[in-house]
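Asks: structural data only, the sequence is not supplied:
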């Protein structure tokens, strides 16, 4: 463990890996909260397919997978993104249940095939609707991060409400 500093409250040691872990979980939370409910749930279900049998999936790995998937699907509509993830998760879980084999590769080739099929179906059925990708959904919701002063001010205002 590489020591960074001591916590001023509990005097516990802070290490760099804990801070990196916390940063990855913060970024992951930003991705999931920026997507609409069904899309974020579908993304979370798909990412959980990569969980090893004997351990948890780290936040850093979840973040990398989520970013890869969002990047992979930036050319597809958000509805297609959600539908493809749902179909892929159901299909893979069904395959595992029938065959007893549980291992995900590092690529997303099957998801890519499902995305292409679903995108084609979507384009055939929707000709005049506006196209919104997962990247655009995240960009629309996520504005600039608030500064320390802004968050401190909000925190103090909320604290003042409870004190009075």
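Replies: Right, received. Where do you want to start? Keep in mind that what you see is a predicted model, and the values were worked out from it rather than measured.

Asks: which helix in this protein has the most residues?
Replies: helix 78-99 (DSSP state H).

Asks: for that one, packing partners?
Replies: The helices and strands touching helix 78-99, judged by 3 or more CB pairs under 8 Å, 6 or more residues apart in numbering; DSSP states H and E, are helix 37-48, helix 109-125, helix 134-141. The way it works is simple: take the backbone N, C-alpha and C, and place the C-beta from them, glycine included.

Asks: I'd guessed residue 73 sits against residue 79; true?
Replies: No. Residue 73 is beyond contact range of residue 79, at 11.3 Å (criterion: CB atoms under 8 Å).

Asks: looking at these two, which is more packed in?
Replies: Set residue 73 next to residue 79 and count neighbours by other CB atoms under 10 Å: residue 73 wins out with 25 against 18.

Asks: can you list the low-confidence ranges for the chain?
Replies: The model of the chain has pLDDT under 70 over residues 1-5, 7-8, 14-21, 126-146, 164.

Asks: go through the longest helix of the chain and flag the buried ones.
Replies: 78-89, 92 (16 or more other CB atoms under 10 Å).

Asks: may I see those residues organised as JSON lines, with distance to residue 31 added?
Replies: What follows is the buried residues of helix 78-99, written out as JSON lines (distance: CB to CB, whole Å):
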{"residue": "78", "distance to residue 31": "13"}
{"residue": "79", "distance to residue 31": "18"}
{"residue": "80", "distance to residue 31": "18"}
{"residue": "81", "distance to residue 31": "13"}
{"residue": "82", "distance to residue 31": "14"}
{"residue": "83", "distance to residue 31": "19"}
{"residue": "84", "distance to residue 31": "17"}
{"residue": "85", "distance to residue 31": "13"}
{"residue": "86", "distance to residue 31": "18"}
{"residue": "87", "distance to residue 31": "21"}
{"residue": "88", "distance to residue 31": "18"}
{"residue": "89", "distance to residue 31": "17"}
{"residue": "92", "distance to residue 31": "21"}
